[in-house]
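Visitor: Structure of the sequence below:
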Amino acid sequence: TFTYHQINMQAVAILAAFAASLAVAHGHDHNIEWTITGEAFEECIAPGEKIVFNWEGDAHNVEKVNAAGYEGCSGIKNTDGVEGPFTFTARRAGTYYFVCGVGGHCKFGKQKAKITVDPTC
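Guide: Here you go, the predicted model:
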């Protein structure tokens, strides 16, 4: 027969395993191949997770902009290419907008990303 203590310990072990599986599921890096595809990138991540923008060489950059800057490819402060990668860590829930500030990459190549940070992602 099981004692009350044994049942409680089993419940604790099951809960600990469940919590550990959640920690593994949430908290991983998401990767974007930051190249000109003609399509904008969209990702949904949980707070604490990261987006890694990967590219080779110094032909791109990642500029954080507001919603209007995302739509119109405006508000870009740096137009110089830099070596990648660039990592964004989601600290708070919200919507974050990023564009490539080099040349016409955003405007003509739609090299931009809309990142939604939400605990339900």
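
Visitor: so what's Ala68 up against?
Guide: Applying Cβ atoms under 8 Å, 6 or more residues apart in numbering, we find Ala68 in contact with Ser74, Gly75. C-betas here are computed from N, CA, C, even on glycine.

Visitor: Buried residues of the helix or strand containing it, list them for me.
Guide: For Ala68, the host element (DSSP states H and E) is helix 67-72. Within helix 67-72, the residues that qualify as buried by neighbour count (16 or more other Cβ atoms under 10 Å) are Gly69, Tyr70.

Visitor: wait, Ala90 sits on Gly48?
Guide: Yes - between Ala90 and Gly48 there is a contact at 6.6 Å, judged by Cβ atoms under 8 Å.

Visitor: Show me which of the two is the more surrounded one.
Guide: Set side by side, Ala90 and Gly48 show more neighbours around Ala90, with 22 against 13, by other Cβ atoms under 10 Å.

Visitor: quick one: that one from Asp80, how far?
Guide: Distance of Ala90 to Asp80, computed by Cβ to Cβ, to the nearest Å: 26 Å.
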